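Trainee: I'd like to go over a predicted model; first the sequence, then the structure.
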Amino acid sequence: GLVGVKSAKGTGKTTRLQAVVEEAKNRCQPILLITHRILLGKFLCEKIGIRWGIHPENPPSSSPTKSFGLCVDSLWKVNPQDWQGAIVILDEVEQSLWHLLNSKTCKNKRIKILSVFQQLIATVVNTEGLVIAQDADLSDVSLEYLQGLAGNKITPWVLVNKWKPKRGWDVTFYDSPNPTPLIHQLELDLITGKKCYVTTDSRTGRYSCETIEDYLQDRLYKLKRQFPHSLVVSSQTTNTPAHPAIECLSAINQKITDYDMVLVTPSLGTGISIDVQHFDRVYGIFQGVIPDSEARQALARVRDSVPRFVWCAKRGIGLIGSGSTNYQLLSDWYQENQKENLALLSPLHKIDVDLPAVYDPIHLRTWAKLSARVNSSITFYRQSLQEGLIAEGHKVTIGNNTDYNSIIRELRSAFLKTSVNDLATRTRLILEIVQVQKDWEQTRQQSQHIKRNIKEIKEHNQLMIAQAVVAAKNIDYVEYQQLLTKHSLTDEQRYAIHKYILYTRYGVPVTTWLKMRDDQGYYSQLLTHYYLTHESHYFHIKDQQEWKQQLFWGEGKVFLPDLKTYTLKVEALRALGMCQFLAQDRVFQENDDDIIWLKNVAIQSSQHINRALGVDIAKKSQSISGIKILNLLMGLLGLKLRRINQVYQVNFDMLKDGREEIFAIWQQRDHWQLYHLKTRSAQDKCQQLGPLVSVN
């Protein structure tokens, strides 16, 4: 059967599983727990009493009960037929299915993983087994997906626990442009000795856990205050040999009390329960990297009902596909893109508009539904998070919402209405205006100071990492592959891997500048520029190889969101005349004929341009200029226009950033690859013809 459990965070969903697991063990019934995060999986397996992971010395079929837990990424190792009549537990099912359908870590084996998952669900359901899907935010999307995978008209049994705490958290919600007021409050709490749990959605960004820890350490040192005993828990620290985070997670409720401040990333965002009463405050800083539902999950890891202080961005980061919140439009967007890609790759061949190679539509449809939901969350991120917290029964008050401008305006209005003879009132109002102006300036300076310091720390950390990558050991392909198989890596090994990747990408010696530019998306920009300006058909061949690789991984099927192709993008830029706009010494004015033409075409074809290039002109079509459109397109190549008197010109300093040397190396690679492909093709033809027979 199929069971769905929807119950609020902290209501003991995982604890209830213990009884189910014990009964299954007594019946020698196999149990398979599937989740999306390793830390969560290990924690859950320990709690319900089964082992974690597939070990070579103890394969899944060697045990009578075969019970264990594993990450979604490892599902391809499982034989679905071994799980007839089993119990499959999908904890945090909403996030697990999203990971299954969208995570980069599953890309190379996604079709295989999806195939195994589909067979697994069908096998279990159709052999009198049980699938348990539970989540605080369980939705119809997940249940319908599992029903579809089962392959029959099974009706799920759904338990909805409507219980809410009589009194939820006291949440102070900051709606400031950035989290500096919240960070200042965190600083004050640490100075007064309060123990703080800080959850973020980023490990290395401007307001990431590592940057915040470094800022607070520096700040308290300058104030001659003792820095609290702190711990950062992230996917990196928990996979670094001998790091304290590993020991802490092995017994989290016993070890976490050793720390006055704990900073965590999304790797500890769900499932794990901190039950011990230790922390005085929970802080949340969310820039919109994760959906609002995951942010609320992260805030609930500390079960104690202590005050929460939350800041999140008004709008999230990284819309998926077209950014649409309509799942049908999102699915169509990907299908139309790849139809055009295929048409450009094979202009002499008829393209089947049904895309027969696309994997089972149920997966793409569910991916589109979940993606549309994520897009909706990202678009109204602050609003979604705030409304979600209120819906869960928490008391939300807005912090740091002092509108100094409005206060001063009201005081001035009151001053103008008073009689000129009422000196006492007028004097009081003037003093109040002066005080509000002082408070406003002090708050502004304080915010600017924190923002500036955090920016400097982030840039310093980026530089230190870049220098460490440059100084790392040079490794070859064999060493690189060996390191990838390791479950934990030292910092030096991570730097060596990154150095190898950079050298493989660019073909030039790795420098700090190159590493830092690569972090900003330099590789994609250069690749687009190279394919646009160099007379090489190799990018068509590369896209064909991408299709072939995906078809190979998927045993004849592809999953459209995983395809990374360049043909449509490059041909769209060519059609817009970008090659001509890159001509040396070219200057631009708004009334140039080709700039006027570009503006008209771009506005008329705005939807197509958004789909092909990811540049949204439609929203700005009423006020956007031709020069602005050209500058947006130049940005795809890592270039900008600069104004010189009354005209514009490509900033050629940006063109002289070493890209020509990289292009020359790439061109040599392309020639070699094309020669290799032609040679292999000729050899294949000879083999098909068979040996030549001489007739006398």
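Mentor: Yes, it's here.
Trainee: Low-confidence bits of the stretch 401-550 of the chain, can you list those?
Mentor: 401-404, 536-537 (pLDDT under 70).
Trainee: cool, and the stretch 51-200 of the chain?
Mentor: Checking the stretch 51-200 of the chain against pLDDT under 70 turns up 55-65.
Trainee: which residue ranges form the helices in it?
Mentor: Counting by DSSP state H, counting those that start in this stretch, the stretch 51-200 of the chain has helices at residues 93-102, 110-125, 140-150, 180-191.
Trainee: Can you say which of the ones you listed is nearest to residue 382?
Mentor: Nearest of these to residue 382, taken as C-beta to C-beta: helix 180-191 at 13.3 Å. The C-beta positions use only the backbone N, C-alpha and C, and glycine is treated the same way.
Trainee: now stretch 212-232: mean pLDDT?
Mentor: For stretch 212-232, mean pLDDT rounds to 87.
Trainee: mind listing what's buried in it?
Mentor: 212, 213, 214, 215, 216, 219, 220, 228, 230, 231, 232 (16 or more other C-beta atoms under 10 Å).
Trainee: According to the record, where do the domains of this protein fall?
Mentor: According to automatic domain parsing, the chain comprises the domains 2-161, 170-315+380-399, 404-465, 489-659.
Trainee: Give me the distance from the longest one to the chain's centre.
Mentor: It stands for domain 489-659. 21 Å (C-alpha atoms, centre = their mean, to the nearest Å).
Trainee: And the shortest one, by the same measure?
Mentor: With C-alpha atoms, centre = their mean as the basis, the distance from the averaged C-alpha position of domain 404-465 to the chain average is 37 Å.
Trainee: One more: the first one?
Mentor: Its chain's C-alpha centre lies 23 Å from the corresponding centre of domain 2-161 when counted by C-alpha atoms, centre = their mean.
Trainee: Just the terminal-to-terminal distance for it.
Mentor: 17 Å (C-alpha to C-alpha, to the nearest Å).
Trainee: and what of the last one?
Mentor: From its first residue to its last, domain 489-659 covers 32 Å (C-alpha to C-alpha).
Trainee: for the buried residues of stretch 212-232, which one is nearest residue 589?
Mentor: Closest to residue 589, out of all of the buried residues of stretch 212-232 and judged by C-beta to C-beta, is residue 215, at 46.0 Å.
Trainee: and the closest one, what is it in contact with?
Mentor: By C-beta atoms under 8 Å, 6 or more residues apart in numbering, the contact list for residue 215 reads 183, 450, 453, 454, 457.
Trainee: So which of those wins on neighbours?
Mentor: residue 183 (26 neighbours; other C-beta atoms under 10 Å).
Trainee: I'd assumed residue 450 was in contact with that residue.
Mentor: Yes: with contacts counted by C-beta atoms under 8 Å, residue 183 reaches residue 450, the gap being 5.6 Å.
Trainee: which one of the helices of the stretch 51-200 of the chain lies closest to residue 478?
Mentor: helix 110-125 (24.8 Å).
Trainee: Now do the closest one: everything it contacts.
Mentor: By C-beta under 8 Å, 6+ apart, helix 110-125 touches 1-2, 32, 72-73, 75-76, 78, 80-81, 83-88, 100-101, 106, 129-131, 146, 149-152, 154, 359-360, 363, 550, 553-555, 557-559, 562.
Trainee: next SSE after the host helix or strand of residue 372?
Mentor: If you go by DSSP states H and E, residue 372 is part of helix 361-379. Next along the chain after helix 361-379, taking DSSP H and E as the criterion, comes helix 381-391.
Trainee: Need the contact partners of that following helix.
Mentor: Contacts for helix 381-391 (C-beta under 8 Å, 6+ apart): 169, 171, 173, 175, 286, 288, 292-293, 295-296, 299, 310, 312-316, 376-377, 396.
Trainee: Residue 516 against residue 466, yeah?
Mentor: Yes: counting by C-beta under 8 Å, residue 516 touches residue 466, with 5.2 Å between them.
Trainee: So for these two, which sits in the more crowded spot?
Mentor: residue 466 (22 against 16).
Trainee: What is the three-state secondary structure of that one?
Mentor: What DSSP: H, G, I helix; E, B strand; the rest coil gives for residue 466 is helix.
Trainee: Residue 29 too?
Mentor: Assignment for residue 29 (three-state DSSP): coil.
Trainee: Any figure for the gap between it and residue 124?
Mentor: Residue 29 sits 11 Å away from residue 124 when distances are taken as C-beta to C-beta, to the nearest Å.
Trainee: shared neighbours, those two?
Mentor: Going by C-beta under 8 Å, 6+ apart, residues that sit against residue 29 and also against residue 124 are 85, 86, 87.
Trainee: Make CSV out of the buried residues of stretch 212-232 and add secondary structure.
Mentor: What follows is these, written out as CSV (three-state DSSP):
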residue, secondary structure
212, helix
213, helix
214, helix
215, helix
216, helix
219, helix
220, helix
228, coil
230, strand
231, strand
232, strand
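Trainee: So which of the residues you listed is the closest to residue 509?
Mentor: Closest to residue 509, out of all of the buried residues of stretch 212-232 and judged by C-beta to C-beta, is residue 214, at 29.5 Å.
Trainee: Would you mind measuring from the residue lying closest to the closest one once chain neighbours are set aside to residue 463?
Mentor: In space, and not counting its chain neighbours, residue 214 is closest to residue 457: 4.9 Å by C-beta to C-beta, 6 or more residues apart in numbering. To residue 463, residue 457 is 11 Å away according to C-beta to C-beta.
Trainee: Stretch 505-514: which residues count as buried?
Mentor: In stretch 505-514, counting by 16+ other C-beta under 10 Å, buried: 505, 506, 510, 511, 512, 514.
Trainee: Show me which pair in the residues you listed is furthest apart.
Mentor: Across the buried residues of stretch 505-514 (C-beta to C-beta), the longest gap, 15.8 Å, separates 505 and 512.
Trainee: which residues sit against stretch 316-334?
Mentor: 102, 287-289, 291, 364-365, 368-369, 371-379, 381, 560-561, 610-611, 616.
Trainee: And it, end to end?
Mentor: Start-to-end span of stretch 316-334 (C-alpha to C-alpha) is 22 Å.
Trainee: start at 409 instead
Mentor: Yes, from this point I'll number from 409; that puts the last item at stretch 724-742.
Trainee: how much distance is there from that stretch to the middle of the chain?
Mentor: Counting by C-alpha atoms, centre = their mean, stretch 724-742 comes out at 15 Å from the chain centroid.
Trainee: circling back to that earlier point, for the residue nearest to residue 622, which three-state class applies?
Mentor: Quick answer, by three-state DSSP: residue 865 is helix.
Trainee: you'd agree it is up against residue 626?
Mentor: Yes: using C-beta under 8 Å, residue 865 makes contact with residue 626 at a distance of 7.0 Å.
Trainee: Report how many residues lie close to residue 933.
Mentor: For residue 933, using other C-beta under 10 Å, the count is 18.
Trainee: List the buried residues in the strand or helix carrying it.
Mentor: Take DSSP H and E as the rule and residue 933 turns out to sit in helix 930-941. For helix 930-941, the buried set under the neighbour-count rule, 16+ other C-beta under 10 Å, comprises 930, 931, 933, 934, 935, 936, 937, 938, 939, 940, 941.
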